[in-house]
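Participant: with the sequence up front, the predicted model follows.
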Amino acid sequence: TASGAPGMGVRMPLNLCLILDRSGSMEGPPMDYMKRACSYVVDLLEPNDVLSIVAFAETVDVIMPARRVVNKNLIKEHINRLEVGNTTNLYDGIAAGAAQIASVPSQGYVTRALLFTDGEPTEGNKDFHSIVGQVAEQKSRGITVTALGFGSEYNEELLAGIASRSGGNYYYIMRPELIPEVFRKELET
């Protein structure tokens, strides 16, 4: 058949947002770790996938608005230029990531937000119920958030809550090299 043998990795294009924690606690190894993990994700994307990147500390920045994955090196440069800030405004980070995903017409795409965080929300709306409530609202719009926790300080209860309310998953990532495996699992669900 023209569509190739089954298991050839033919999948629907992704509309993916990486929501990256760049709070002060990310300084040093955690930041390097997250950058490496994101590089792995970029390598797994195809030219017809759409990627956006949002980073949050006390404020939220759109590092790269939603666009097709044509220049992987440029995308990695954007990621590698990230520097740590101070506090952790997780609520607004998720909102900004969801807005990027929503800016792309959803037909024909699998939508996913991948949230990388090492810690507790310390800025903006820090309330557990508000954060998981927002994620539930995004789910009603078809946006699934998968939470990737790492480091010793992350809030397992919060990440598990985000995952369950959004229909996504939650993983504790011990090493960046585990990201491709996690990502493959995500694409299969």
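Facilitator: Happy to help now that I have it.
Participant: only C-alpha atoms for contact and neighbour calcs from this point on.
Facilitator: OK.
Participant: if you average pLDDT over stretch 176-186, what comes out?
Facilitator: Averaging the model's pLDDT scores along stretch 176-186 yields 79.
Participant: name the element the spatially most central residue of the chain belongs to?
Facilitator: Against the mean C-alpha coordinate of the chain, by C-alpha atoms, centre = their mean, the closest residue is L114 at 2.0 Å. For L114, the host element (DSSP states H and E) is strand 110-117.
Participant: can you name every helix or strand that that strand contacts?
Facilitator: strand 14-21, helix 90-102, strand 145-149 (3 or more C-alpha pairs under 8 Å, 6 or more residues apart in numbering; DSSP states H and E).
Participant: the second one to strand 145-149, inter-axis angle?
Facilitator: Angle between the axes of helix 90-102 and strand 145-149 is 130 degrees (criterion: axes from the mean of the first three to the mean of the last three C-alpha atoms, to 10 degrees).
Participant: just checking, what packs against helix 90-102?
Facilitator: In terms of contacts (3+ C-alpha pairs under 8 Å, 6+ apart), helix 90-102 is packed against strand 14-21, strand 50-56, strand 60-68, strand 110-117, helix 128-140.
Participant: repeat that for 10 Å
Facilitator: Where contact means 3 or more C-alpha pairs under 10 Å, 6 or more residues apart in numbering; DSSP states H and E, helix 90-102 is packed against strand 14-21, strand 50-56, strand 60-68, strand 110-117, helix 128-140, strand 145-149.
Participant: returning to what we had before: now render the helices and strands packed on strand 110-117 as CSV, adding mean neighbour count, distance to I79 and mean pLDDT.
Facilitator: As requested, those are exported to CSV (neighbours: other C-alpha atoms under 10 Å; distance: least, C-alpha to C-alpha, whole Å; pLDDT from 0 to 100):
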stretch, mean neighbour count, distance to I79, mean pLDDT
strand 14-21, 27, 9, 96
helix 90-102, 23, 15, 96
strand 145-149, 26, 17, 91
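Participant: could you export those as TSV, including distance to D61?
Facilitator: What follows is the helices and strands packed on strand 110-117, written out as TSV (distance: least, C-alpha to C-alpha, whole Å):
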stretch	distance to D61
strand 14-21	10
helix 90-102	8
strand 145-149	18
